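Novice: One predicted model, sequence on top.
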Amino acid sequence: MSNTIRIKKRSASGSAGAPSSLSPSELAFNEADLKLYYGFGDNGSTPPSASSIITVGGAGAFFNKTDTRTANTVLSGPTSGSAAAPTFRALVAADLLKLNEFTAPDVAKFGPCGP
C-alpha cells in the first residue's frame, strides 16, 4: 500500500507570506504567492516548533529559468558597496580577471597566441 504525503496549504484566497509556525522539517505551500516554505531547526519547545521558516520554492526563492532576460547580463552580486542579494546586471570590469605576468602565458615557453 502506498503512503500519501500531505503538505500544509493556504488557499489562493488567503494572505501571501510564510505561515506563522511550522514543525521542524514540515512543508507548507501558499497558493496566494505560489511559494513553498520549510520549517528549519528546532526551538526546543514542546511540542517542537521550527526555529525559522525559509522559502524553498517559488518566485523569489530562486530565479525562474523560463523568464526572459536582457542580453549580456549576468546573475551576480552588487558592483560595489556592501553585500546584497544577486540580481541580473551588466558585467563591469571588476567582474573580469585581469591578466598579468602571473596569469598570461609565457610566450618563450608556449609560443605566441593566435595566428
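Specialist: Thanks, I have it.
Novice: Report the contact partners of the residue nearest to the spatial centre of the chain.
Specialist: In the chain, the C-alpha closest to the average C-alpha coordinate belongs to Phe62, at a distance of 4.1 Å (Cα atoms, centre = their mean). Contact criterion Cβ atoms under 8 Å, 6 or more residues apart in numbering gives no residues in contact with Phe62. Any C-beta I mention is one placed from the backbone N, CA and C, and that applies to glycine too.
Novice: quick one: Ile5 and Ser82, what's the gap?
Specialist: Between Ile5 and Ser82 the distance is 41 Å, computed by Cβ to Cβ, to the nearest Å.
Novice: Could I get the full set of strands for this protein?
Specialist: Under the criterion DSSP state E, strands of the chain are mapped to 8-10, 27-30, 35-40, 52-57, 73-76, 87-90.
Novice: so what secondary structure elements neighbour the fifth one?
Specialist: Packing contacts for strand 73-76, counted by 3 or more Cβ pairs under 8 Å, 6 or more residues apart in numbering; DSSP states H and E, involve strand 87-90.
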